[in-house]
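# sequence first, then the predicted structure:
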Amino acid sequence: MSAGKYEIVVQSPMGAQPSTLELNADGSGTQSAQGRSQAITDGKIDGNNVSWKNSITTPFPMTLEFAGTVDVDKISGNVKAGSFGSFPFSGTRAA
């Protein structure tokens, strides 16, 4: 099952950006980074494929669009950061 809690890291031009993702079976959930937690939007789980959006305000206001796959306890994929392009992310299921 792809739902669960994951510790993920986005490889951005500003360096590694860690966050915690909690993804529920119905596609709802939260993502926490830099001491802030907020609800994700448009969350989808289709087999091993997962996707969600997260609106941020720092360093710039934008919507991050995540798409990836879950393989047992590992998650990986890409995040589209508006006009800044796409960056890889990866992580593992948290205990």
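The structure has been received and is ready for your questions. Predicted model only: the values in this text are computed from it and were never measured.
# three-state assignment of the most centrally placed residue in the chain?
Residue closest to the average C-alpha location in the chain (Cα atoms, centre = their mean): Phe66, at 5.4 Å. Secondary structure, DSSP: H, G, I helix; E, B strand; the rest coil: Phe66 is strand.
# tell me who's in contact with it.
Val50, Ser51, Trp52, Lys53, Asn54, Gly77, Asn78, Val79, Phe89 (Cβ atoms under 8 Å, 6 or more residues apart in numbering). (Each C-beta comes from the backbone N, C-alpha and C, glycine too.)
# would you turn those into CSV with distance to Gly35, pLDDT and neighbour count?
Compiled in CSV, those are given as follows (distance: Cβ to Cβ, whole Å; pLDDT from 0 to 100; neighbours: other Cβ atoms under 10 Å):
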residue, distance to Gly35, pLDDT, neighbour count
Val50, 24, 96, 23
Ser51, 25, 97, 17
Trp52, 20, 97, 23
Lys53, 20, 97, 16
Asn54, 15, 94, 22
Gly77, 24, 98, 18
Asn78, 25, 98, 16
Val79, 20, 97, 23
Phe89, 19, 98, 25
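# assign the residue of the chain most remote from its centre to helix, strand or coil.
Distance from the centre of the chain peaks at Ser83, with 18.0 Å (Cα atoms, centre = their mean). Here Ser83 is recorded as helix under three-state DSSP.
# what distance do you get for Lys53 to Asp73?
Lys53 is 24 Å from Asp73, where distance means Cβ to Cβ, to the nearest Å.
# so Asn49 is in contact with Ile75, correct?
No - using Cβ atoms under 8 Å, Asn49 makes no contact with Ile75, being 10.8 Å away.
# give me the more crowded residue out of these two.
Using other Cβ atoms under 10 Å as the criterion, Asn49 and Ile75 rank with Ile75 on top: 24 against 13.
# need the contact list for that one.
Tyr6, Ile8, Leu21, Val50, Gly68, Thr69, Phe89, Ser90, Gly91, Thr92, Arg93.
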